[in-house]
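Undergrad: whatever this is, show me its structure:
(one chain, ligands or ions: 1)
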Amino acid sequence: MPMVIAIDGPAASGKGTLARRLAAHYGLPHLDTGLLYRGVALTLLDAGFALEDEAAAARAAAALIADRLADPRLRERAMGEAASRISSVPAVRAALLTWQQSFAGNSLGAVLDGRDIGTVVCPDARVKLFVTATPEERARRRHRELSARGEETTLAAILADIRARDARDAGRSAAPLKIAEDAHVLDTTDMDADAAFAAAKAVADRARSH
Ligand code: DC
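TA: Residues are numbered from 1 along each chain as shown. You can find the predicted model right below:
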């Protein structure tokens, strides 16, 4: 039976690292669904449209091609912000839903990480994790990551971003960030990446043996 692992959580919670490690461990394909929203935002901005142009955003989502997802600009701080904005447009979400569900539906199974994987994209996933950490700890992690890539920012600016993104991602009416009823919550505030992986693997192994 294919194993789908759904990983949700707020910005900079460590869910991406965890998803990559679980995918490598179980030999499953991995989709970072945040990249799809970032890809739509980038397509829109490159074509000269405003982020508020919902019709253009819906067209960009319907026409999004995989090649776009390798663009290094997608990882920039501003693109996360832009992605969060366009992700509240229902037609954008609908177009990306098909993409995500066909990825999850392959015969092996898959690991997907995002905001609404366990609640909307893969409600029947065998394993659901909700990865979180305090806003301060997430800001510290994101700051380290961006500094290592040479992006100059302050910790205070990132913390403000994270709080704004949390509010927007959880407050929107279309598929808001929330904990699926059957998700295991993993608070990684006091865990390093190895400890988080061990905890997540224990949850997945338990689910697999049932
Ligand atoms: O995970 P990320 O920071 O790359 O995501 C960028 C934005 O995309 C996030 O703030 C909200 C949106 N997003 C979403 O609405 N649903 C998802 N499954 C993944 C991301």
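Undergrad: which helix or strand contains residue 64?
TA: Using DSSP states H and E, residue 64 is not contained in any helix or strand.
Undergrad: read off the pLDDT value for the nearest residue to residue 68 once chain neighbours are set aside.
TA: Take residue 68 and drop its neighbours on the chain: the residue closest to it by Cβ to Cβ, 6 or more residues apart in numbering is residue 39, 4.5 Å away. All C-beta spots, glycine's among them, are computed from the backbone N, C-alpha and C. We have a pLDDT of 97 for residue 39.
Undergrad: packing partners for the strand or helix carrying residue 39?
TA: Secondary-structure assignment from DSSP H and E places residue 39 in helix 33-46. If you count contacts as 3 or more Cβ pairs under 8 Å, 6 or more residues apart in numbering; DSSP states H and E, helix 33-46 packs onto helix 54-62, helix 77-86, helix 90-104, strand 109-114.
Undergrad: tell me what angle it forms with helix 90-104.
TA: In terms of direction (axes from the mean of the first three to the mean of the last three Cα atoms, to 10 degrees), helix 33-46 departs from helix 90-104 by 140 degrees.
Undergrad: what's the closest non-adjacent residue to the residue nearest the centre of the chain?
TA: Taking Cα atoms, centre = their mean, the centroid of the chain lies closest to residue 114, which sits 2.6 Å from it. Nearest residue to residue 114, sequence neighbours excluded (Cβ to Cβ, 6+ apart): residue 33, at 3.5 Å.
Undergrad: helix, strand or coil: sort out the residue nearest to residue 173 when sequence neighbours are not counted for me.
TA: In space, and not counting its chain neighbours, residue 173 is closest to residue 88: 7.7 Å by Cβ to Cβ, 6+ apart. Put simply, residue 88 is coil when judged by DSSP: H, G, I helix; E, B strand; the rest coil.
Undergrad: before we move on, back to that, now do the contacts for the residue nearest to the centre of the chain.
TA: Neighbouring residues of residue 114 by Cβ atoms under 8 Å, 6 or more residues apart in numbering: 7, 8, 32, 33, 34, 100, 121.
Undergrad: quick check: the last one touching residue 112?
TA: Read that as residue 121. Yes: between residue 121 and residue 112 there is a contact at 6.5 Å, judged by Cβ atoms under 8 Å.
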